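# I would like to see how this sequence folds:
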Amino acid sequence: MKFERTASDPNSKARAGSITTDHGVIETPIFMPVGTAATVKGVHQRDLDQEVNPDIILANTYHLYLRPKTEIIHQAGGIHKFMNWKRPILTDSGGYQVYSLSANRKIKEEGVKFKSHVDGSMHFFTPENVIDIQRKIGADIIMAFDECTPYPCDYRYAKASMHMTHRWLERCLTQNEKSPLLYDYAQTFFPIVQGSVYKDLRTQSAEYIASKGAEGNAIGGLSVGEPAEEMYGMTEIVCDILPEDKPRYLMGVGTPINLLENVALGVDMFDCVMPTRNARNGMLFTADGTINIKNKKWEDDFSVIDAAGYTFVDTDYSKAYLRHLFKVNEMLGKQIATIHNLGFYLWLMREARKRIIAGDFYSWKEQMVKNMDKRL
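Next up is the predicted model:
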């Protein structure tokens, strides 16, 4: 993997760049649509490729390990061939999913024992076998196994968890070094900064992660219920420490406003289920604010969803038609809304990139935040 910085915004810490992988170039800042189980839910790969057009998507180790199982993906020749996706893929190591199974898992130094949400069977994740699983899945970027702490989180627990995440990282690095590549392309390993919302812990973790010299670094444990200002504060601390010549990935974030504010702090990569999950519930993100398409006010509104015109949805379908599809529970409505939201997120990041290169990102960001912070 190769990361090159193209431009920096003069009035913020935002930067534009590119990440070159064996499956293609990723222009940053970038939003990665979440394809948890080797599919972006409700979207055909053809539409994802042609309409949303993301440089990279994300899949999840925990879910793929359980279904269809790692060996099936390996037999298929890796995840790209399994799901017929030719562009880059990143896999989350499963740390967040294990965190979300709080009632059905036990964390100890060796690893995490957890009960499958599918059939109740017991499984054990270790730093070593999570690397091996991701080798077999075959994503271009693979993640360290970490513990994602909840919010709020006691300081002593956060500190102990952070140190365990660091010890797990050492084991991941060792396993990653000795594990052979299984396919004819490279895989890049990202460690993860933890430390909850404590400045000293975030500083310590970021310094530790930076010292490992990885080709990219991630920031985990945010967007778990903390106020947005806490997220921004922790992100700023970490980005000021992580090396400037490596991409920075803020995991699980967030709203369109969250994305722009964190781009301004120096983040390059994002992922979140929000655009797809909210779309299935009728919430649309636009440059002028959010729309609940189920509201009666849209019943006879034949205007396009968003005048910016960044996806085919905006020119082909009206608000009235989309509301009708939701009211009759037609699956096409959820598909259109999902493609729209993903299209908006990708447009937002690409427009941010253009603004960074042009040198007027900060003023544009401030206006966009005001515009988007509305319910239409």
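# For Val224, see how far away Ile357 is.
As defined by CB to CB, to the nearest Å, Ile357 lies at a distance of 33 Å from Val224. Yep, even glycine has a C-beta here, placed from its N, CA and C like the rest.
# measure Met331 to Asn258 for me?
Per CB to CB, Met331 is found 29 Å from Asn258.
# wait, I meant Ser179
Distance, Ser179 to Asn258, using CB to CB: 34 Å.
# which one of the two has more residues nearby?
Between Ser179 and Asn258, counted using other CB atoms under 10 Å, the more crowded position is Asn258 (22 against 15).
# give me every residue that touches the more buried one.
Neighbour list for Asn258: Ser223, Ala228, Met231 [criterion: CB atoms under 8 Å, 6 or more residues apart in numbering].
# Which SSE is immediately downstream of the helix or strand harbouring it?
Under the criterion DSSP states H and E, the helix or strand holding Asn258 is helix 256-263. Downstream of helix 256-263, the next assigned helix or strand under DSSP H and E is strand 269-271.
# in its sheet, what does that next one sit against?
Strand pairing for strand 269-271, determined by DSSP bridges: strand 30-32 (parallel), strand 248-250 (parallel).
# can these go into CSV with extra columns for distance to Met1 and mean neighbour count?
Formatted as CSV, the strands paired with strand 269-271 follow (distance: least, CB to CB, whole Å; neighbours: other CB atoms under 10 Å):
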stretch, distance to Met1, mean neighbour count
strand 30-32, 14, 26
strand 248-250, 12, 27
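# any chance of those in TSV, plus distance to Leu58 and mean pLDDT?
Shown next, in TSV, are the strands paired with strand 269-271 (distance: least, CB to CB, whole Å; pLDDT from 0 to 100):
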stretch	distance to Leu58	mean pLDDT
strand 30-32	5	98
strand 248-250	10	98
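# For stretch 203-215, list every residue counted as buried.
By 16 or more other CB atoms under 10 Å, the buried positions in stretch 203-215 come out as Thr203, Gln204, Ser205, Ala206, Tyr208, Ile209, Ala210, Ala214, Glu215.
# secondary structure element for the residue lying closest to the fifth one once chain neighbours are set aside?
Translated: Tyr208. Of all residues not flanking Tyr208 in the chain, His166 sits nearest, at 5.5 Å (CB to CB, 6 or more residues apart in numbering). Element membership for His166 (DSSP H and E) is helix 155-178.
# Which secondary structure elements does the helix or strand that that helix is followed by sit against?
Per DSSP H and E, the first helix or strand lying C-terminal to helix 155-178 is strand 188-190. Judged by 3 or more CB pairs under 8 Å, 6 or more residues apart in numbering; DSSP states H and E, the packing partners of strand 188-190 are strand 141-143, helix 155-178.
# what residues does strand 188-190 touch?
1, 21, 140-144, 172-173, 176, 214-218, 249.
# Please report the distance of the residue lying farthest from the centre of the chain from Ile192.
Distance from the C-alpha centroid of the chain peaks at Asp300, with 35.8 Å (CA atoms, centre = their mean). From Asp300 across to Ile192, the span is 49 Å (CB to CB).
# got it, and Arg375?
Arg375 is 34 Å from Ile192, by CB to CB.
# beta partners of the residue nearest to the spatial centre of the chain?
Nearest residue to the geometric centre of the chain (CA atoms, centre = their mean): Asp271, 1.6 Å. With DSSP bridges applied, Asp271 shows beta-bridge pairing to Met32.
# Which of the helices or strands spans the closest residue to Lys41 other than its chain neighbours?
Excluding the flanking residues, the one nearest Lys41 by CB to CB, 6+ apart is Thr276, at 5.6 Å. In this assignment (DSSP H and E), Thr276 forms part of helix 274-280.
# Note down every partner strand of the next helix or strand after that helix and its orientation.
With elements assigned by DSSP H and E, the helix or strand that comes after helix 274-280 is strand 283-286. Sheet partners assigned to strand 283-286 using DSSP bridges are listed as strand 289-292 (antiparallel).
# Under a three-state scheme, what state does Lys246 occupy?
Using DSSP: H, G, I helix; E, B strand; the rest coil, the three-state assignment for Lys246 comes out as coil.
# Can you read off the backbone torsions of the closest residue to it other than its chain neighbours?
Closest residue to Lys246 in three dimensions, ignoring its sequence neighbours and counting by CB to CB, 6+ apart: Gly216, at 5.3 Å. Backbone torsions for Gly216, taken as degrees, to the nearest 10, come to phi -160, psi 160.
# so how far is Pro10 from Gly216?
Look at Gly216 and Pro10: by CB to CB, they are 25 Å apart.
# With that, I have no additional questions.
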